[in-house]
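> Give the three-dimensional model of this entry:
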Amino acid sequence: MKIKIFALLALVMVAMTASAYELKVGTSAHGKVTFIVGGNVTTEANKNDVVTVSIALENGFVVSDISNKVYSEWEQADAPRRTSISVQDKVEMTKVDDTTWTFIMPKANVEINVDYIVHVDTDVEETQDETKVVTVQVDMEVVPGTTPTVDPETGDNVYQVVVEGVEIPAQTDATASNPKELTIAVEPSIKVGNNVFVVTAISKDAFKSTEPTAIVTKVVMPETPVAIPMEDGALEPDGTPIELTTPLSMLDDYALMNAAKKSFEANKVSATAIAPDRYWTFSSGVDVLVPEGVSVYRAFMDGDDIRIQPIDEANEAKIIKANNGVLLACDSKEGGNAYEMVANPSGPKSGTPVATTDAKSYAGNDLEPVIEAKNYAADQYLIMKGNKFHTIANNGSKVPACKAVFSKAKANQ
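Numbering: from 1, shown residues only. Below you'll find the model as predicted:
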């Protein structure tokens, strides 16, 4: 009987010594992790085995960090089952390439955790000596705590992302003392495979050049439902304010951002306005420099007619004051001309919210500013089209931001 017991114990000891340890995946949201030992896919390995960690990436993502936890199984004397505890911080891993790592299996279970970042190619333009397309890589991070939504029409996964930075290639015909100047056009969204990455914020290092022979000197923001937030410092990565070009309707939103303070104060925040005709209306939530070749007028009711009159203050100071509706006239008799509307810090300051009320800075002016797109009562307001004021079509017609409407109520005051 004693011999049988001894033999049984010996068999148990051999089985425990030869047992393998578990390989498992903890966090890996955008890639499939596979363990390979001896050429075979597995979920366990023996001590001293060489374990290969292979990651199949989801479209548009790359590995930003890989880590591990090491656990040793033990059995408490008063516990009916085994419990896992950590016995060391990590096992040393060797990178083979961007999707492969190896490590030596310890006498313990190993858990692998992988973090990912969006990494896609996009194009920018050189703006110093010549204009040409340069391909850069853009890193974006999925907004923490968010999960993708599914576009009901396309079935695409839609992620909310933050622009973290651009990786700019070396400019072979430039030097650190005379670098190429680049314009970065921010895309509102980028599609990679069946994933769509929607830009919702920009980090402070987003435009910091990774290459000394190239610098970002201008950033062009896209037309989006709301302005894309930026961290402080995003527009001055190397101490010099970057020129910022915005959609016309968002000129005031971007100019008043804290992140744009130095660019705003240096008159480096602007938008382009396309004159539809010789006469057109304009308004903004910030002071704007009067473009060359444009005159500024107020509009008022004279009897049954609407008349216009030059605004002396605007012509003298060459500034269109914030939150005022004005009439602009081009020197040319035809529309289609493009004018640069440069935000000026003489009015509202950075960090203040955009006001939408009428500042009424110009006496005898019956034009009201349209700071945000808005519906107006058809019987109370007129809008300019084809060089003339017309009744707004109906109460459901939304007037776009940055225009002005003629107020019958103001005329009758």
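> Walk me through the domains of the protein.
If you go by automatic domain parsing, the domain ranges for the chain are 2-115, 127-240, 270-413.
> Would you mind giving the ones you listed as a markdown table with mean pLDDT and distance to Ser249 added?
All C-beta atoms are positioned from the backbone trio N, CA, C, and that covers glycine. Formatted as a markdown table, these follow (pLDDT from 0 to 100; distance: least, Cβ to Cβ, whole Å):
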| stretch | mean pLDDT | distance to Ser249 |
| --- | --- | --- |
| domain 2-115 | 79 | 30 |
| domain 127-240 | 89 | 8 |
| domain 270-413 | 90 | 4 |
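> can you redo those domains as JSON lines with distance to Asp253 and mean neighbour count?
Formatted as JSON lines, these follow (distance: least, Cβ to Cβ, whole Å; neighbours: other Cβ atoms under 10 Å):
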{"stretch": "domain 2-115", "distance to Asp253": "28", "mean neighbour count": "14"}
{"stretch": "domain 127-240", "distance to Asp253": "4", "mean neighbour count": "16"}
{"stretch": "domain 270-413", "distance to Asp253": "6", "mean neighbour count": "17"}
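> those strands in the stretch 201-350 of the chain, which residues are they?
214-220, 243-246, 269-274, 279-282, 287-289, 294-302, 305-310, 319-320, 326-330, 338-344 (DSSP state E, counting those that start in this stretch).
> would you list these in JSON lines and tack on distance to Thr27?
Below are these laid out as JSON lines (distance: least, Cβ to Cβ, whole Å):
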{"stretch": "strand 214-220", "distance to Thr27": "33"}
{"stretch": "strand 243-246", "distance to Thr27": "37"}
{"stretch": "strand 269-274", "distance to Thr27": "41"}
{"stretch": "strand 279-282", "distance to Thr27": "52"}
{"stretch": "strand 287-289", "distance to Thr27": "49"}
{"stretch": "strand 294-302", "distance to Thr27": "57"}
{"stretch": "strand 305-310", "distance to Thr27": "65"}
{"stretch": "strand 319-320", "distance to Thr27": "53"}
{"stretch": "strand 326-330", "distance to Thr27": "56"}
{"stretch": "strand 338-344", "distance to Thr27": "44"}
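> picking that back up, columns distance to Leu248 on top of the domains of the chain, output as CSV?
Shown next, in CSV, are the domains of the chain (distance: least, Cβ to Cβ, whole Å):
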stretch, distance to Leu248
domain 2-115, 31
domain 127-240, 9
domain 270-413, 4
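> Which one, of the ones you listed, ends up nearest to Ala255?
domain 270-413 (3.9 Å; Cβ to Cβ).
> And that closest one, how far out from the chain middle?
30 Å (Cα atoms, centre = their mean, to the nearest Å).
> any idea where the helices of the stretch 301-413 of the chain begin and end?
For the stretch 301-413 of the chain, the helices defined by DSSP state H, counting those that start in this stretch occupy 312-317, 408-411.
> can you list the residues that contact the last one?
If I follow you right, that is helix 408-411. The set of residues external to helix 408-411 that reach it, using Cβ atoms under 8 Å, 6 or more residues apart in numbering, is Phe300, Met301, Asn365, Asp366, Glu368, Asp379, Gln380, Tyr381, Leu382.
> Can you pick out the most distant pair from the residues you listed?
Asn365 and Asp379 (20.9 Å).
> ok, what's across the strand from Asp246?
No Asp there; residue 246 is Thr. Assessed by DSSP bridges, Thr246 has beta-bridge partners Ala271.
> so who does it touch?
Residues near Thr246 by Cβ under 8 Å, 6+ apart: Met221, Ala227, Asp253, Tyr254, Ala255, Val269, Ser270, Ala271.
> With Asp173 instead?
Lys180.
> from now on call the first residue 608
Yes, from this point I'll number from 608; that puts the last item at Asp780.
> Give me the distance from the longest strand along the chain to the chain's centre.
Criterion DSSP state E: the longest strand present in the chain is strand 716-733. Relative to its chain's centre, strand 716-733 lies at 16 Å (Cα atoms, centre = their mean).
> and that strand, C-alpha only, in PDB?
C-alpha atoms of strand 716-733 as PDB (Å, rounded to 0.1, in the frame of the first residue of the first chain):
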ATOM      1  CA  ASN A 716       1.300  32.800 -16.800                       C
ATOM      2  CA  VAL A 717       1.700  35.800 -19.200                       C
ATOM      3  CA  GLU A 718      -0.900  38.400 -20.200                       C
ATOM      4  CA  ILE A 719      -0.300  40.700 -23.200                       C
ATOM      5  CA  ASN A 720      -1.800  44.100 -23.400                       C
ATOM      6  CA  VAL A 721      -1.700  46.200 -26.600                       C
ATOM      7  CA  ASP A 722      -2.500  49.900 -27.100                       C
ATOM      8  CA  TYR A 723      -3.100  51.300 -30.600                       C
ATOM      9  CA  ILE A 724      -3.100  54.600 -32.400                       C
ATOM     10  CA  VAL A 725      -4.600  55.700 -35.700                       C
ATOM     11  CA  HIS A 726      -1.800  56.100 -38.300                       C
ATOM     12  CA  VAL A 727      -2.600  57.200 -41.800                       C
ATOM     13  CA  ASP A 728      -1.000  58.900 -44.800                       C
ATOM     14  CA  THR A 729      -2.100  62.300 -46.000                       C
ATOM     15  CA  ASP A 730      -0.800  65.100 -48.200                       C
ATOM     16  CA  VAL A 731       0.400  68.600 -47.400                       C
ATOM     17  CA  GLU A 732       1.800  71.400 -49.600                       C
ATOM     18  CA  GLU A 733       5.200  73.100 -49.600                       C
END
